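> okay, here's the prediction I keep looking at, along with the sequence it came from:
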Amino acid sequence: MKTLIKDVDIVTLDEKGTVIRGGALAIDGAHIVAVGEAPVEFVPDTTIDGTNHVAVPGFFNAHCHASMSLVRGYAEDLPLDRWFNERVWVAESALGPEEVRAGALLAACEMIRSGTVAFNDHYFYMDHVAEVVEASGMRASLTWCQFGLGADKEVGADLEGALAFAERWNGKADGRIRAMLGPHSPYVCPPAFLREIAALAKEKGLGLHIHIAESEEQVSRSLAAHGVTPARLLEETGVLDVPTIAAHALYLSDDDVAILARHGTTVAYCPITYMKLAMGPGDVPRLLRAGVNVALGTDGPASNNDMDMKEAVRFLPLLQKLACRDAEVIAGDASLRIATQAGARAMGFSKAGVLEAGRPADLVLFDFDKPHLVPRHDLVANLVHAAKGSDVSHVFVAGNLLYANGTILTLDEEKIRAEAERAAFRMVSRDLTVLREYQS
Ligand SMILES: CSC[C@H]1O[C@@H](n2cnc3c(O)ncnc32)[C@H](O)[C@@H]1O
Ligand SMILES: [Zn+2]
């Protein structure tokens, strides 16, 4: 299939930061074949008029729990520990494979609509998430979360099962799916388990996805229990010897930052969760200065409460400017690069995230024919600080059009919304407060 997008403005995010006004973008099969001008011999099957539209690489959501969309709005205004213990883990005790599927389908609709082409997911019953990814046309990197405490069999996530999942799905859906192993965190997984899973990941050539250093308390507990920080513990147990995505990593010493940089670890930064759960801003400029690959995530919809990467693209610089009291940090297209190519690299889709010939055709169009996107002095500034996820008009993944002008072409959104509402209710129906609200 050959597609030509004509008369479109293009934010390439290439090395030079090239921005093209009123150019063409040609797609042949899964790849971009020309940016700027289409070759005369290029005969498209489909032509899209890009007038008043801006093409940009699609977003790579580097840390989320898609199926937690079913607990959106169910754990409000609480700090991290109470958010888990009093609400989220209570609701999740009623979680089954059908809820995971319904939540993942709902999240896929939301992500596609707001310009996300790939997501890095950490949850349970992951075959169901993988099937959703396959059907939706998105890319994903998937991990079946393990607690390492021996109770995992309840959600089918013994290490053997998680490995079997990874081997079943890695490279599937024409390479759109990648799989990793997913120890939940060093505060839940004992060092012996971390060692075992790291050795297995190394042997099988798989990456790891883990939460670390979300609070000062987690760091002091690690020091008390193991004599080292969470980052140092990951290094000592071999976790960082394989490509690892460390979600959050907000509380790091200088030594920790050097460890993560040395091992090529990615930090998945989720600004909206940090503001909502009052976790703290972290220090992104310090990570970048040290050479850490920083990617961007939404985290789960129970702490965000949405999966709109465009919002996170704006909040990353806003939060860092405020925290550093410095308007010049995370400037220009930095947060777009973090949300696209840095995430793509972390998830193993390393050529994506740039609009140039030879790259995967994973891109979105923003409709700029809107009052909040006028004037167009600076397309990048408009994209980062003014555009909304709902301004996305088209989404391409591997050259396939998944979304056009309000319609998801690969999924039945109306049916998905109805089923998600039913599944969400099943999950929380033991909670009498919620039951009363539903019945009133
Ligand atoms: C990793 S999903 C499985 C497990 O983890 C919980 N969870 C969701 N988000 C986070 C987070 O950001 N840090 C730690 N744990 C998280 C989720 O509710 C599931 O129980
Ligand atoms: Zn998370």
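Nice, I can see it. Ligands and ions are numbered 1, 2, ... in the order given.
> and the gap between the residue lying closest to residue 278 once chain neighbours are set aside and ligand 1?
Closest residue to residue 278 apart from its sequence neighbours, by C-beta to C-beta, 6 or more residues apart in numbering: residue 79 at 6.0 Å. Every residue, glycine included, has its C-beta placed from N, CA and C. Look at residue 79 and ligand 1: by C-beta to the nearest ligand atom, to the nearest Å, they are 13 Å apart.
> also residue 334?
From residue 334 over to ligand 1 (counting by C-beta to the nearest ligand atom), the distance is 23 Å.
> leaving out chain neighbours, which residue sits closest to that residue?
residue 317 (7.1 Å).
> how about the contacts made by that neighbour?
Contacts for residue 317 (C-beta atoms under 8 Å, 6 or more residues apart in numbering) come out as 329, 330, 331, 334, 335, 384, 385.
> the first one contacts residue 285, doesn't it?
Yes - counting by C-beta atoms under 8 Å, residue 329 touches residue 285, with 4.9 Å between them.
> which neighbours do those two share?
With C-beta under 8 Å, 6+ apart, residue 329 and residue 285 have common neighbours residue 320.
> residue 249 touches residue 215, doesn't it?
No - if you go by C-beta under 8 Å, residue 249 and residue 215 don't touch, sitting 11.5 Å apart.
> and stretch 64-79, how far from the chain's centre?
15 Å (C-alpha atoms, centre = their mean, to the nearest Å).
> also stretch 10-19?
Distance, centroid of stretch 10-19 to centroid of chain: 22 Å (C-alpha atoms, centre = their mean).
> still on that earlier bit, out of the contacts of residue 317, which comes closest to residue 209?
Closest approach between those and residue 209, by C-beta to C-beta: residue 335, at 21.7 Å.
> what packs against the helix or strand encompassing that closest one?
In this structure, residue 335 sits in helix 334-337 according to DSSP states H and E. Using 3 or more C-beta pairs under 8 Å, 6 or more residues apart in numbering; DSSP states H and E as the contact test, the elements touching helix 334-337 are helix 309-324.
> for the helix it packs on, buried residues please.
Applying a neighbour-count criterion of 16 or more other C-beta atoms under 10 Å, one finds 309-317, 319-320, 323-324 buried in helix 309-324.
> of these, which is the nearest to ligand 1?
residue 312 (13.7 Å; C-beta to the nearest ligand atom).
> nearest spatial neighbour of residue 253, skipping sequence neighbours?
Of all residues not flanking residue 253 in the chain, residue 229 sits nearest, at 6.1 Å (C-beta to C-beta, 6+ apart).
> rewinding a little: right, and the helix or strand after the helix holding residue 335?
That would be, after helix 334-337 and using DSSP H and E, helix 343-347.
> average pLDDT for that next one, rounded please.
Summarised as a single mean, pLDDT over helix 343-347 is 98.
> equivalent analysis for stretch 328-340, please.
On average, stretch 328-340 scores 98.
> how about the CA coordinates for that stretch, as CSV?
Extracted in CSV, the C-alpha atoms of stretch 328-340 (Å, rounded to 0.1, in the frame of the first residue of the first chain):
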residue,chain,number,x,y,z
GLU,A,328,15.2,27.1,29.9
VAL,A,329,15.2,23.4,30.9
ILE,A,330,13.5,20.8,28.7
ALA,A,331,13.0,23.4,26.0
GLY,A,332,12.1,23.3,22.3
ASP,A,333,11.4,19.9,20.9
ALA,A,334,13.0,18.0,23.9
SER,A,335,9.8,16.7,25.3
LEU,A,336,8.6,15.5,21.9
ARG,A,337,11.9,13.6,21.4
ILE,A,338,11.5,12.1,24.9
ALA,A,339,8.0,11.1,24.0
THR,A,340,8.9,9.5,20.7
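> rewinding a little: so which of the contacts of residue 317 are in helices?
Members of those lying in helices (criterion: DSSP state H): 334, 335.
> where do the strands sit along the stretch 201-350 of the chain?
208-212, 244-248, 266-269, 293-296 (DSSP state E, counting those that start in this stretch).
> which of these sits closest to ligand 1?
strand 208-212 (4.1 Å).
> tell me the mean pLDDT over the closest one?
Strand 208-212 comes out at a mean pLDDT of 98.
> so which elements touch it?
By 3+ C-beta pairs under 8 Å, 6+ apart, strand 208-212 packs against strand 139-146, strand 177-183, helix 191-204, helix 230-236, strand 244-248.
> partner strands of the last one, with direction?
What that stands for is strand 244-248. Here strand 244-248 is paired, per DSSP bridges, with strand 208-212 (parallel), strand 266-269 (parallel).
> save those strands as TSV, and put in distance to residue 5 too.
Listed next are those as TSV, based on distance: least, C-beta to C-beta, whole Å:
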stretch	distance to residue 5
strand 208-212	34
strand 266-269	30
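> need the winner for burial among the ones you listed.
strand 266-269 (a mean of 29; mean count of other C-beta atoms under 10 Å).
> could you dump it to CSV, C-alpha only?
In CSV, the C-alpha atoms belonging to strand 266-269 read as follows (Å, rounded to 0.1, in the frame of the first residue of the first chain):
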residue,chain,number,x,y,z
THR,A,266,15.9,3.9,30.4
VAL,A,267,14.0,6.0,33.0
ALA,A,268,10.3,6.2,32.2
TYR,A,269,9.1,9.5,33.5
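> state the mean pLDDT of that strand.
98.
> in contact with the most centrally placed residue in the chain, which residues are there?
Note on the chain: the residue nearest the mean C-alpha position is residue 61, at 1.8 Å, using C-alpha atoms, centre = their mean. When contacts are counted by C-beta under 8 Å, 6+ apart, residue 61 touches 111, 116, 118, 119, 120, 296, 297, 298, 307, 309, 343.
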